[in-house]
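**Q** got a predicted structure plus its sequence, pasted below:
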Amino acid sequence: MSAIEALYIFDEHNSLLFNHVYTGRPPPPSTLLPLYLQQASPRRSVTYITSTSPPTTIFSVIQDNLLFLSPTPHDTEPLLVLEFLHRFADALEEFLGSPLLATKITANYDIVAQVAAEMADSGVVCQGEANALRDVVETGPGVLNNLLGKVGLPGGSPGIQPVGGSGLARPLAQSQTSQGSAIPWRRSNVRHTSNELYVDIVETLSVTLAPSGRPLSAFAHGSIAFTSKVSGVPDLLLSLSTGGKGAGMGTRGDQLRTVMERAVFHPCVRLNTWKKEGVLSFVPPDGRFALCGYETDLLGPDIALTINKPSSSNLSLPVNIEITTGLGSSGTEFEVRAKQDSSSRSAAAASLQSNLGSGRGGFRGGAPTGDSKSPALDDLTIHIPIPPNVRNVSEMRPTKGEAHWNPAEGTVEWKIPPKDFGPGGAVLRCTVQGILSDEDADMGVTNGMTATTYDYDDDAPGTYQSEKTASSTVATNGTSSRKADKNKDLMPTSATLSFGMKGWLASGLKVESLLVDTKKSRGLGAEIRPYKGVKYLTVSRQGVEIRC
Amino acid sequence: MESIRWDLPLTQLKARDLTLEAAKDVGPRKSTRPLPAAQIKKMLDSRNERDVLDGLRRVVAMQYANPPQPTLTFFPAVLKTLSNPYPSTRPLVYNYLIHHAEADPDTALLSINTIQKSLSDSNPRVRAMALKTMSGIRVPVISQIVSLAIKKGVSDLSPLVRKAAALACVKCVRLDPTTRPQVEDYIEALLADKQYYVAGAAVQAFMEVCPDRLDMIHPVYRRLCKMVVDMDEWGQLALMKLLTVYSRKCFPRRTKRVKRAATQEQRAKDFYEDLEPGQETKADYEEVEFIDPDLDLFLKSVQPLLSSRNSAVIVAVTRAYLYLSPTNYLHHAIGPLIALLRAPHDIKQVALCNIVQVCLIQPAHFTSYFRHFLIHSTEGPNVWRLKLEILTLIFPYSGKEVQDLILAELEHFSKGHDAQLVRESVRAIGRCAQSSSSTTSRRCLSLLLKQIHSADSNLVGEAMEVIRHLIQRSPDEHRKTVIRLAKNLDSLTSATARASIVWLVGEFAGYDTDNNIAADVLRILVKGYADESDEVRAQIVLLGAKVYLHHLNAKNAKRKALDALNSGQSPQQNSSTVLSPSGEEEEGGFGEDAFAQSGPQPEEEQEKQHIIDLLYQHVMLLARYTPSYDLRDRARLFRSLLAIESSTELASLLLLAPKPVPQAPSPSEARKDLTLGSASLVIGEGPLRGYEAIPDWVEEGREPDPKLRDDGGREEYVAGGNKSVNAAAGARLDEALASDPGYRPEASGAPRKEKTLDAWLDEEEESEETESEDEEEETDDEEEESEYETDSEEDERAGLVK
């Protein structure tokens, strides 16, 4: 049994927006929601509730502040249901526009209901392609058309035969609108007066730095978002290049694969061509979609772990941070330094000249900053989680920007406006206060292991030796150091860095060319040359973490 | 390189856009405020398409509004609009109908006629929608009509209608279970459909209606395998679930012990590229899995799905590999599994559960991905708990550097501020220690020993607990550790940790009798008895009892030996000599401490006994005046147990019983048997309702005849009425050739091989693997195929097209 029983949508105030029962007799949303909310705050996406009869498993997804719930009494594949919920949210976005708002749903119940009914036929999931749904879902005359980007009205102009590219090997002899599109992910009869193609490559950083500054792990999770607004059935060829990485390692495809590891693709991508030639050949769905996801190990494939120097040589982040704790006379202060990494930036910029965007027009919006020649840094924020036993962060002295302490979340948030953030960097110094009673009362019984000497020498690795010396210095320093020892508990153990950088990709990937294969494409006039745009963006959402 | 079009009047376009948007806003859906029911009815009765549509929208909006408004009164009015010729109103009417049919079946039945008419509409979309709606009406009376409609739909020319028919099967059986036999026939016909999305839907219906009728699968097995790549994700999921079960039930597991040959080693290398070298060179003989060519076909054809963007598909492929051929295929799935960690948070949690499950079975595959399992400070407990577990699971299989890194990682988190995280990471260190070699184990131990000096009592208590477990696992190696721990009693404040140490000292009181620190530890502890917590006091009393018991035992043994000596039996002398000489050698180990007077002990035994006796009595006195009644009670028990010096058997039984070695299994070990990808696995509270375990391999000889899988393919090619749209031309050519009696290759290797290559080249989707790989496999198949030599020609053909 892998049927979806029901689908409930709640808004951010937990009031019910939409309630669609597919099959069976699922518990109503009014009983499920309180049971779901009972769990402690980082809620799991799969919850088992025994207080209903029969016991129910609730699957939940939160997208755009809306909560999607689906109950089931049976053992189903959790990922199937979660993927379905995501697809449903995506489909709604496709029809109602992004971001998804509660008001949009309440104003368009007829569309939402049709989408829900089309995607799962009485609980059996049968359609996941939002684009193809447009053929089926009746949106009414004139409605949403410009949302969908077809400014020219949908006319059933005949003579266009949406035929899959030869690589798909499924030519349809007769394909009318009524028959459905020959390509399951593309709606039929696409018409655009302006033909546009956009490639947005977004990489999200996930980096962990050891206290020494040496990177422990560094990944860039990339995704290629593609926007296609082209009439007919275009057959596209997207070539990427590595920007010099992995040179001399076999064919171009091999090089590319060392940068784009563990890639996943939209079903439209022909895997054969990717495997053989390292280019992405596909017939895109209409509109915006995620073409590809990949990850890059920024440390390189085989970094030797033994390298001890705190090098960020293979890893070049636009901003470096350091954190020092236990400063001040009683060790109640800590300091965070942020520094711009100028050398890597220029290098990165140089390697990222886009062939495609040879001209200002290459970048959508044409913003003055943020193209690949002068990457622009913004939203620079540093979060420092403060341990729960800190009573107050009494003093925060940033040299630039603003810092404030949020006791509820237990973090110090330090925002640096990018234009203030010069090459000199910025420093934040904070003083923390622990719980009052601790301060004096416990001082006598501190658990200092000061008087002990260690003679446990079954094996004495270096770390162990250093511990010995450290503790002996503690012994000599007396009370003040004991205080510092005590205050060690109040020190943060990590800091995370968030930023966004337009026009720069951590992996060094770049778009080399985007071609419309005119031979394979159908319904696209020979003289029509679509407008093309490329955008690069690297973001870190608390993704760069330094430990101390 | 094409130039970018600049001539497009962008600004103009925008202006037009805006006008349209404005027009839309004024348009049909401007007013959302509720209208009186009478007015809506009027709109529904209108002849204007726009009015009708607007009325229907309002009705649907009322139906879904929160709180829902009564819309049943509109039923007749809504149904009447079915007679309108506008196609645009249909979906909304159908939606309304399905929603309300159950509440008012009589009115709903009025619509059946109109819908039946639509079933023979010229537009396939209208037909499909009508079929879908009709089967969705939950009025059991119409089940036979629905069944007939499905029958008609099954033979429809349009694949859209056939797909709708497949999905309608599920609804029909739900409506009226007695229609099941008919519906099974329909599904059987649909399973053989050539259109991949019809077949996909048919498999979904099969899984819902009759998942046990595997006999329906035999004839279509090979075709389904080939179609899996083209199906939509939901069809793929259903099919993989089905074929995983099917394979277990139809392909017996054949293994053969083969002596390693040079060529085989070469092949093994290709297979195990990312494995540790230690894994392959287990012995000269190795178990070679014989994979049935049909099973291999399935496993190969799902391999391209590992690039799917759907996480459920990736887990489903992994499940097939894990349960069908872990040695030959599983490693392909590891990378894609890791890629699931990039997914949104909700999917990531579930994916991690599944990764842990695979990791429990094949940890070695994951060693190169350890970086992915480092914990971020922003992650919730659901995630880091699983990540810690994976790190400990791969720990014994990693190289030295990685082990160092993992230990450093665990050490870092054991010093964190989150009490839960601290506890889990300390336990993780313990698990690392117990699963690895003695040197690393000792490193872990020294790491833990460092932790007990921490000021955080929570951490100290947890670390001590883990240390105690480690020591209990191999007591002989850890005598010195106990001595070292005992020294910490001077300074340690955490009550749990102190209690743990005292207990350990008591456990070790029996070792190395003449040179034991237990008595001295007891002496020191007794001094501070008044300041200890009850937990520690209880352990002190226990320690006192144990020390005294050992003392009595030794005394009794000695007396016996003396008795025996006196009576002239010399062999017993050994036991008495054992006791005395070891005294001097270990003396230095703990000499510098406050136990200076332990020196004279060995010399004057009489004196020493006296000290222990006195100590014991003192402890008992202390216990007697302890406020805790529990403790007083326990003391009384010990006192009466040890009252008679000469009979200590019962006391020994109680106090010195060998303790079972504590096991700290990986937290997910309990769910190891649950099926990968199931909800039961993620929730971890045992099998849920409807949980399906993967069946065991069918026994050799009891499997269905492999010939069953041969027939269907050809038959369907003939039977299928309409043009086959997705079969590759080359495959069809092969088909024609094979069925031609004049063309029958005489079972010689060469021509066959050529032909298969052709087939591969023609079938775009099949040839995902590189050519060389195929070549290699081909030689395999050749061997295999000799078994089937005598089979019918179709069998050969099927083997070839693979």
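**A** Structure received. Owing to the predicted nature of the structure, the values given are computational and were not obtained by experimental measurement.
**Q** pull up the gap between the residue most central in space within chain A and chain B, please.
**A** Residue closest to the mean C-alpha point of chain A, counted by CA atoms, centre = their mean, is A:Thr204 at 5.5 Å. From A:Thr204 across to chain B, the span is 8 Å (CB to the nearest CB, to the nearest Å). (Each C-beta comes from the backbone N, C-alpha and C, glycine too.)
**Q** and the residue lying closest to that residue once chain neighbours are set aside, what is it in contact with?
**A** Counting by CB to CB, 6 or more residues apart in numbering or on different chains, A:Thr204 lies nearest to A:His221, which is 4.7 Å off, once chain neighbours are set aside. Counting by CB atoms under 8 Å, 6 or more residues apart in numbering or on different chains, A:His221 touches A:Glu203, A:Thr204, A:Leu205, A:Ser206, A:Gly293, A:Tyr294, A:Glu295, B:Arg342.
**Q** now intersect these with the strands, please.
**A** Mapping these onto strands (DSSP state E) picks out A:Glu203, A:Thr204, A:Leu205, A:Ser206, A:Gly293, A:Tyr294, A:Glu295.
**Q** taking those residues, tell me the two that lie furthest apart.
**A** Spanning the widest gap among these are A:Leu205 and A:Gly293, at 14.9 Å by CB to CB.
**Q** please say which of those two ends up with more neighbours.
**A** A:Leu205 (24 against 20; other CB atoms under 10 Å in any protein chain shown).
**Q** where are the low-confidence patches of the stretch 351-500 of chain B?
**A** B:455 (pLDDT under 70).
**Q** chain A too?
**A** Applying pLDDT under 70 to chain A flags the ranges A:1-2, A:140-182, A:244-250, A:300-314, A:342-374, A:436-486, A:526.
**Q** for it, what's the longest strand?
**A** Longest strand in chain A, counting by DSSP E: strand A:531-547.
**Q** against which helices or strands is that strand packed?
**A** When contacts are defined as 3 or more CB pairs under 8 Å, 6 or more residues apart in numbering or on different chains; DSSP states H and E, strand A:531-547 packs onto strand A:196-209, strand A:319-327, strand A:494-502, strand A:510-516.
**Q** and those strands: which comes nearest B:Val426?
**A** Per CB to CB, nearest to B:Val426 of the helices and strands packed on strand A:531-547: strand A:494-502, 18.7 Å.
**Q** near chain B at all, the closest one?
**A** Yes - using CB under 8 Å from any CB of the partner chain, strand A:494-502 reaches chain B at A:Ser494, A:Thr496.
**Q** what's the span of stretch B:186-198, first residue to last?
**A** 12 Å (CA to CA, to the nearest Å).
**Q** return the distance of that stretch from the chain's centre.
**A** 32 Å (CA atoms, centre = their mean, to the nearest Å).
**Q** how many neighbouring residues does B:Ile98 have?
**A** 19.
**Q** ok, the longest strand of chain A: who's next to it in the sheet?
**A** strand A:196-209 (parallel), strand A:494-502 (antiparallel) (DSSP bridges).
**Q** circling back: now tabulate the helices and strands packed on strand A:531-547 in CSV and tack on distance to B:Lys707.
**A** What follows is the helices and strands packed on strand A:531-547, written out as CSV (distance: least, CB to CB, whole Å):
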stretch, distance to B:Lys707
strand A:196-209, 52
strand A:319-327, 67
strand A:494-502, 62
strand A:510-516, 50
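**Q** ok, and the closest non-adjacent residue to B:Ser533?
**A** Nearest one to B:Ser533, counting by CB to CB, 6+ apart, is B:Ala495 at 4.3 Å.
**Q** cool, A:Thr324 as well?
**A** In space, A:Thr324 is closest to A:Glu335, 4.8 Å off (CB to CB, 6+ apart).
**Q** kindly report the same for A:Lys535.
**A** Take A:Lys535 and drop its neighbours on the chain: the residue closest to it by CB to CB, 6+ apart is A:Asp200, 4.6 Å away.
**Q** what does the stretch 201-350 of chain A put close to chain B?
**A** Close to chain B, as judged by CB under 8 Å from any CB, the stretch 201-350 of chain A has residues A:206, A:208, A:210, A:216-217, A:219, A:221, A:261-267, A:271-272, A:275, A:290, A:293, A:295, A:297, A:299, A:305-306.
**Q** now list the buried members of those residues.
**A** A:206, A:208, A:210, A:216-217, A:219, A:221, A:261-267, A:271-272, A:275, A:290, A:293, A:295, A:297, A:299 (16 or more other CB atoms under 10 Å in any protein chain shown).
**Q** the closest residue to B:Arg138 other than its chain neighbours: neighbour count?
**A** Spatially, and ignoring its direct neighbours in sequence, B:Arg138 is nearest to B:Glu102 (4.7 Å; CB to CB, 6+ apart). If you count neighbours by other CB under 10 Å, B:Glu102 ends up with 11.
**Q** what about B:Glu102, which SS state?
**A** Classification of B:Glu102 using DSSP: H, G, I helix; E, B strand; the rest coil returns coil.
**Q** distance of the closest residue to chain B within the stretch 101-250 of chain A from A:Asp297?
**A** Residue nearest to chain B within the stretch 101-250 of chain A (CB to the nearest CB): A:Ser217, separated by 3.8 Å. Distance from A:Ser217 to A:Asp297, counting by CB to CB, to the nearest Å: 8 Å.
**Q** what do you get for B:Asp404?
**A** B:Asp404 is 19 Å from A:Asp297, by CB to CB.
**Q** then A:Gly213?
**A** Counting by CB to CB, the gap from A:Gly213 to A:Asp297 is 19 Å.
**Q** with B:Ile338 instead?
**A** 11 Å.
**Q** I figured B:Lys241 hits B:Phe206, correct?
**A** No - with contact defined as CB atoms under 8 Å, B:Lys241 does not count as touching B:Phe206 (10.4 Å).
**Q** show me what the residue nearest to A:Thr324 is bridged to.
**A** A:Thr324, A:Arg429.
**Q** thinking again about what came up before, so the residue nearest to the centre of chain A makes contact with A:Val539?
**A** Yes - under the criterion of CB under 8 Å, A:Thr204 makes contact with A:Val539 at 5.6 Å.
**Q** hmm, back to that, list the contacts of the residue nearest to the centre of chain A.
**A** Counting by CB under 8 Å, 6+ apart, the residues that A:Thr204 touches are A:Ala220, A:His221, A:Gly222, A:Thr538, A:Val539, A:Ser540, A:Arg541, A:Gly543.
**Q** as a markdown table, those residues with distance to B:Gly430 would be great.
**A** Formatted as a markdown table, the contacts of A:Thr204 follow (distance: CB to CB, whole Å):
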| residue | distance to B:Gly430 |
| --- | --- |
| A:Ala220 | 35 |
| A:His221 | 33 |
| A:Gly222 | 38 |
| A:Thr538 | 40 |
| A:Val539 | 38 |
| A:Ser540 | 34 |
| A:Arg541 | 34 |
| A:Gly543 | 31 |
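**Q** what is the most widely separated pair among those?
**A** Counting by CB to CB, the most remote pair of the contacts of A:Thr204 is A:Gly222 and A:Arg541, 14.4 Å apart.
**Q** leaving out the residues flanking it, which one is nearest to A:Thr23?
**A** A:Gly123 (4.1 Å).
**Q** torsion angles phi and psi at that neighbour?
**A** phi 100, psi -20 (degrees, to the nearest 10).
**Q** intersection of neighbour lists for A:Ser217 and A:Asp297?
**A** B:Arg371.
**Q** before we move on, back to that, and the residue of the stretch 101-250 of chain A closest to chain B, what are its bridge partners?
**A** A:Thr208.
**Q** that one and A:Glu261: what is the separation?
**A** From A:Ser217 over to A:Glu261 (counting by CB to CB), the distance is 13 Å.
**Q** same deal with B:Lys400?
**A** For B:Lys400, the distance to A:Glu261 - CB to CB - is 25 Å.
**Q** again, but for A:Phe499
**A** For A:Phe499, the distance to A:Glu261 - CB to CB - is 24 Å.
**Q** do the same with B:Ile355
**A** Taking CB to CB, one finds B:Ile355 at 17 Å from A:Glu261.
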